[in-house]
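Undergrad: Below: sequence and its predicted model.
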There are 4 protein chains.
Amino acid sequence: MSIYHVGILVGSLRKASFNKKIAQFILEQEESKFGYRLIDISELPLYNQDFDDEGNPPASYTRFRQELASLDAVLFITAEYNRSVPAVLKNAIDVGSRPYGKNKWDGKPAAILSSSTGVYGGFGANHHLRQSLVFVNLLTMQQPEAYLGDITTCIGTDGTVESQKTKDFLRSFKNAFEQWAERIIHTKGQD
Amino acid sequence: MSIYHVGILVGSLRKASFNKKIAQFILEQEESKFGYRLIDISELPLYNQDFDDEGNPPASYTRFRQELASLDAVLFITAEYNRSVPAVLKNAIDVGSRPYGKNKWDGKPAAILSSSTGVYGGFGANHHLRQSLVFVNLLTMQQPEAYLGDITTCIGTDGTVESQKTKDFLRSFKNAFEQWAERIIHTKGQD
Amino acid sequence: MSIYHVGILVGSLRKASFNKKIAQFILEQEESKFGYRLIDISELPLYNQDFDDEGNPPASYTRFRQELASLDAVLFITAEYNRSVPAVLKNAIDVGSRPYGKNKWDGKPAAILSSSTGVYGGFGANHHLRQSLVFVNLLTMQQPEAYLGDITTCIGTDGTVESQKTKDFLRSFKNAFEQWAERIIHTKGQD
Amino acid sequence: MSIYHVGILVGSLRKASFNKKIAQFILEQEESKFGYRLIDISELPLYNQDFDDEGNPPASYTRFRQELASLDAVLFITAEYNRSVPAVLKNAIDVGSRPYGKNKWDGKPAAILSSSTGVYGGFGANHHLRQSLVFVNLLTMQQPEAYLGDITTCIGTDGTVESQKTKDFLRSFKNAFEQWAERIIHTKGQD
């Protein structure tokens, strides 16, 4: 039985998204102290501060914020659009950080995996996301960085992660993330 | 009568948005060779590649892309959320850049003005946006950079730009942008 | 008596550097579990991999690397040059990260304070430095961010930090850094 | 006979630097309206504002600044160190931008080619450099971006660019840069 709850946020809405398949691989790993679940960010309207100022946020905002509050850690698995973070994921960051003074990300451990069909592995999205995570105080793992390039070659025709090298990398990344998350969680009272 | 059509995209959805007020100031300047109009980006659903792959994009995408095609230049006026570009603006960049091979931004002159209620003037949003503009090949003015900090102090109680210093800066920024845009437009056949 | 050794690296070579004065303020605080000392980076020749490949690095490289090895944590106090990290500090990062496989920064806690005479407080230098620290695996504090703008107004004619607001900020920043550093140091065996 | 003078600045000091070999390839192309030459940046001491404030800059600074003044355009060919710009190149940017008010880069056309032995092609260095070029007002080509990954496989045992794909890319990049540079140079009086 899992002790720690990790939310996975996927930065791509495409049904057959490669990033969703990577998320699926993480979800299917043997259970450990860390239990993973997908957090749906597809239905969040574009952030508008009026929603919060008028005290009448969309129901999807409220559900999402409650879900974030219940998490111990956050894992981002994201595509890159135009050398930066896809709007769907940036929107989730913005919604979760508000209303002012009620930032739901604050102090949780996090990690980022970016991918692309090209060779650069979403480097631009990865580091732009890191800059936002500084502000919302998600304590992001530094190493290993995770840029999965040529992602189409890692996924088989059945839609699962096929390449052994990719499987090994994902498992070691997950393992490193859990060690990082434990360090942060265990010392939480100390800041 | 204006010869060149400039679209203004505002990176904030708030009704009383400071950035909308700055845009309004630009719109109200005496007409020149450059005619400005607001491009509505509030109704674009979060970008999902399936829309394009299935050949059935939302009507708002089609209208927006047609509108972009008619522009000679683009002016971004944006807030900063969490040290980066608000999702509403990143989404517009993404929608306008697609479907693959039909990037509507390609080769147009552009400029960025960022603002914030704090002192840093949206520096993070400004430069993250610049990185995306490299990829979509919007030819972005380098100088003057435009970071408007403490934006609340520049706007009067009637909702218009009040500070003379800000008015002067906005006019000189607009002027520099138009000179940059002319250089790009006049040499367009040459690349 | 201090238990933890913190090295301060200053990103400015000017004799009357404001950043040196901020460093001096940190050095003069009452001793705690954390003992601070300045690390001289002014004499390091521009990094050239040949030095290491030929097994004959400058004596200043060797001394600097030994000094880094003895540190428990690192504090960067830096100016911004041309919207990024001053070469003197980037050079120190590069020298300390090499030769390949002997990265001296690896796993240590770190924090960044940037400053500028203008209002933006070295935002560009701060976040560019963060990107390098991801790679060398310095575990960098996220919050509070520290951008000191208008730095000339914070320093008195005698060259010491004068503004009470700045003093208070520096003390609370130092305090937050020490709490962060303790969390990292105490859980070091756990990764 | 060349009409336009382009300076190439290489961001690596290693004798057998891959980036120097790419620069060499550019230098060996058939002469056109654009004549290229290497600008030596290896001897510039780390930038210290005191040099300029005291009116006594190193001779290497003065020579370098004079050389920049004679250029019509600038081409950067750079390695990436620790996800950012090598200190040697950042230093050259800083020296060329000073003393205050005498920025030698101002208004010239520029382009960036980054490379790495890994697959990411110096993406981090490329975009960090772009941010500095905004400030010094080098008018940087947006497309094509040039990230040369796996650079070791592009260079032959004789130290010249060997891969036909790389040669073709470098020629088309050079061609695009020259078209961009002409657009900027021809409209120079117009801003």
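TA: Structure's in. What do you need?
Undergrad: quick one: is stretch A:32-46 near chain C?
TA: No. Counting by CB under 8 Å from any CB of the partner chain, chain C has no neighbours in stretch A:32-46; the shortest distance is 13.1 Å. C-beta coordinates here come from the backbone N, C-alpha and C atoms, glycine included.
Undergrad: Show me which parts of stretch A:116-123 are buried, residue by residue.
TA: Under the neighbour-count criterion of 16 or more other CB atoms under 10 Å in any protein chain shown, stretch A:116-123 has A:S116, A:V119, A:Y120, A:G121, A:G122, A:F123 buried.
Undergrad: Could you do stretch A:36-47 as well?
TA: Of the residues in stretch A:36-47, those buried by neighbour count under the rule 16+ other CB under 10 Å are A:Y36, A:I39, A:I41, A:L44, A:P45, A:L46, A:Y47.
Undergrad: Could you pull up the residues touching the nearest residue to the third one once chain neighbours are set aside?
TA: Pointing back at A:I41 there. Ranked by CB to CB, 6 or more residues apart in numbering or on different chains and with sequence neighbours excluded, the top spatial neighbour of A:I41 is A:A92, at 4.0 Å. By CB atoms under 8 Å, 6 or more residues apart in numbering or on different chains, the residues touching A:A92 are A:L9, A:I39, A:I41, A:L44, A:F64.
Undergrad: Would you agree A:A92 falls within a helix?
TA: Yes. With DSSP: H, G, I helix; E, B strand; the rest coil as the criterion, A:A92 is located in a helix.
Undergrad: And it, how far from C:L13?
TA: 43 Å (CB to CB, to the nearest Å).
Undergrad: for the buried residues of stretch A:116-123, which one is nearest D:R171?
TA: Closest approach to D:R171 among the buried residues of stretch A:116-123 (CB to CB): A:V119, at 20.9 Å.
Undergrad: Is any residue of the longest helix along chain A near chain C?
TA: The single longest helix within chain A, with elements called by DSSP state H, is helix A:164-186. Yes. Residues of helix A:164-186 contacting chain C under CB under 8 Å from any CB: A:A176, A:Q179, A:W180, A:E182, A:R183, A:I184, A:H186.
Undergrad: contacting residues for A:L38?
TA: A:G7, A:I8, A:V10, A:A23, A:L27.
Undergrad: In ChimeraX, how would I select the buried members of the residues you listed?
TA: Of the contacts of A:L38, the buried ones go into a single ChimeraX selection, burial set by 16+ other CB under 10 Å:
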select /A:7,8,10,23
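Undergrad: Now, the contacts of A:L38 that are in helices?
TA: A:A23, A:L27.
Undergrad: Using CSV, lay out the contacts of A:L38 together with distance to B:G96.
TA: Output for those, formatted as CSV (distance: CB to CB, whole Å):
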residue, distance to B:G96
A:G7, 31
A:I8, 29
A:V10, 23
A:A23, 28
A:L27, 34
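Undergrad: from the contacts of A:L38, which is closest to D:Q131?
TA: Nearest member of these to D:Q131, counting by CB to CB, is A:V10, at 28.9 Å.
Undergrad: Look up how far A:L113 lies from that closest one.
TA: Per CB to CB, A:V10 is found 10 Å from A:L113.
Undergrad: bridging residues for the residue nearest the centre of chain A?
TA: Centroid check for chain A by CA atoms, centre = their mean gives A:F76 as the closest residue, at 1.7 Å. Here A:F76 sits in beta bridges with A:L9, A:I112, going by DSSP bridges.
Undergrad: isn't it right up against A:L113?
TA: Yes. Under the criterion of CB atoms under 8 Å, A:F76 makes contact with A:L113 at 7.0 Å.
Undergrad: so where does the nearest residue to A:K102 once chain neighbours are set aside fall, helix or strand?
TA: Closest residue in space to A:K102, ignoring its immediate chain neighbours: A:R65 at 7.7 Å, by CB to CB, 6+ apart. Element membership for A:R65 (DSSP states H and E) is helix A:59-69.
Undergrad: how distant is that helix from the center of its chain?
TA: Mean C-alpha position of helix A:59-69 versus that of the full chain (CA atoms, centre = their mean, to the nearest Å) differs by 15 Å.
Undergrad: Report the contact partners of the residue of chain A found nearest chain D.
TA: The nearest approach of chain A to chain D comes at A:F123, 4.4 Å away (CB to the nearest CB). When contacts are counted by CB under 8 Å, 6+ apart, A:F123 touches A:E80, A:S114, A:Y147, D:Y120, D:F123, D:G124.
Undergrad: Give me the subset of these lying in helices.
TA: Counted as lying in helices by DSSP H, out of these, are D:F123, D:G124.
Undergrad: rewinding a little: the residue of chain A closest to chain D and D:M141, how far apart?
TA: 20 Å.
Undergrad: How about A:Y36?
TA: A:Y36 sits 43 Å away from D:M141, going by CB to CB.
Undergrad: And A:S32, by the same measure?
TA: Applying CB to CB, the value for A:S32 to D:M141 is 49 Å.
Undergrad: Residues of chain A that sit close to chain D?
TA: Residues of chain A lying near chain D by CB under 8 Å from any CB: A:R83, A:V119, A:Y120, A:G121, A:F123, A:G124, A:H127, A:Y147, A:G149.
Undergrad: Name the SS class of the residue nearest to A:G35 when sequence neighbours are not counted, please.
TA: Excluding its sequence neighbours, the residue lying closest to A:G35 (CB to CB, 6+ apart) is A:S2, at 2.8 Å. Using three-state DSSP, the structure places A:S2 in coil.
Undergrad: For A:S2, give me its contacts.
TA: A:E31, A:S32, A:K33, A:F34, A:G35.
Undergrad: Now list the buried members of those.
TA: By 16+ other CB under 10 Å, those give A:F34 as buried.
Undergrad: and which of the contacts of A:S2 is nearest to B:N137?
TA: Comparing those against B:N137 with CB to CB picks out A:F34 as the nearest, at 42.4 Å.
Undergrad: Show me what that closest one bridges to in the sheet.
TA: A:Y4.
Undergrad: That one touches A:Q179, doesn't it?
TA: No. Contact status for A:F34 versus A:Q179: not in contact, 10.3 Å apart, counting by CB under 8 Å.
Undergrad: burial measure for the residue nearest to A:K102, as a count.
TA: By other CB atoms under 10 Å in any protein chain shown, 18 other residues sit near A:R65.
Undergrad: Please name the nearest non-neighbouring residue to A:I3.
TA: Nearest residue to A:I3, sequence neighbours excluded (CB to CB, 6+ apart): A:K33, at 4.8 Å.
Undergrad: residues contacting that neighbour?
TA: Applying CB under 8 Å, 6+ apart, the residues contacting A:K33 are A:S2, A:I3, A:Y4, A:E178, A:E182.
Undergrad: Recalculate using a threshold of 7 Å.
TA: A:S2, A:I3, A:Y4 (CB atoms under 7 Å, 6 or more residues apart in numbering or on different chains).
Undergrad: quick one: it from chain C, how far?
TA: Relative to chain C, A:K33 is positioned 13 Å away (CB to the nearest CB, to the nearest Å).
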